[in-house]
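> Any chance you could fold what I've pasted below:
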Amino acid sequence: MQLEFDPEVPVAEVRLTLSVDELETFWSSLRETLEALDENEFHTRVGFHRQEVRRLQGDLARAMNTLPDVPE
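Modelled structure (predicted):
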């Protein structure tokens with residue numbers, strides 16, 4: 001994993017480089033979090049609304065679907 005940011009840029013943007021396995025782990029963690037927490041505690045425990053996490057998970061899924069097949 002590699003994390004990049006430019007302190008000269010005033011916008012809060014971070015570039016994160018993940019291996020395919022790390023990306024799948026992150027996506028799966030989002031899925032498990034969405035399934036494990038009920039609506040009443042989700043925002044309190046995660047710090048984001050459920051729909052924001054679903055949007056991020058969908059964005060990641062679309063990105064994952066564009067990856068070429070990688071041999072094991």
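> Kindly state the pLDDT recorded for Trp27?
You'll see Trp27 listed with a pLDDT of 90.
> mind listing what the residue nearest to it when sequence neighbours are not counted touches?
Spatial nearest neighbour of Trp27, excluding adjacent residues (Cβ to Cβ, 6 or more residues apart in numbering): Leu60 at 5.0 Å. Quick note: C-beta positions are derived from backbone N, CA and C, even for glycine. Neighbour list for Leu60: 23, 26-27, 30 [criterion: Cβ atoms under 8 Å, 6 or more residues apart in numbering].
> List buried residues within these.
Buried by 16 or more other Cβ atoms under 10 Å: 23, 26-27, 30, out of those.
> got TSV for the residues you listed, with secondary structure and distance to Ala12 too?
Below are these laid out as TSV (DSSP: H, G, I helix; E, B strand; the rest coil; distance: Cβ to Cβ, whole Å):
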residue	secondary structure	distance to Ala12
Leu23	helix	22
Phe26	helix	19
Trp27	helix	22
Leu30	helix	20
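> The residue nearest to Trp27: which element?
helix 50-65 (DSSP states H and E).
> With Ala12 instead?
Using DSSP H and E, Ala12 is not contained in any helix or strand.
> Please work out how many residues are found near it.
Other residues within reach of Ala12, judged by other Cβ atoms under 10 Å, total 6.
> just Val53 next, same as before
When neighbours are counted by other Cβ under 10 Å, Val53 registers 19.
> Pull the contacting residues for it.
Val53 makes contact with 30, 33-34, 46 under the criterion Cβ under 8 Å, 6+ apart.
> Leu30 versus Thr44, what's the distance?
Thr44 sits 17 Å away from Leu30, going by Cβ to Cβ, to the nearest Å.
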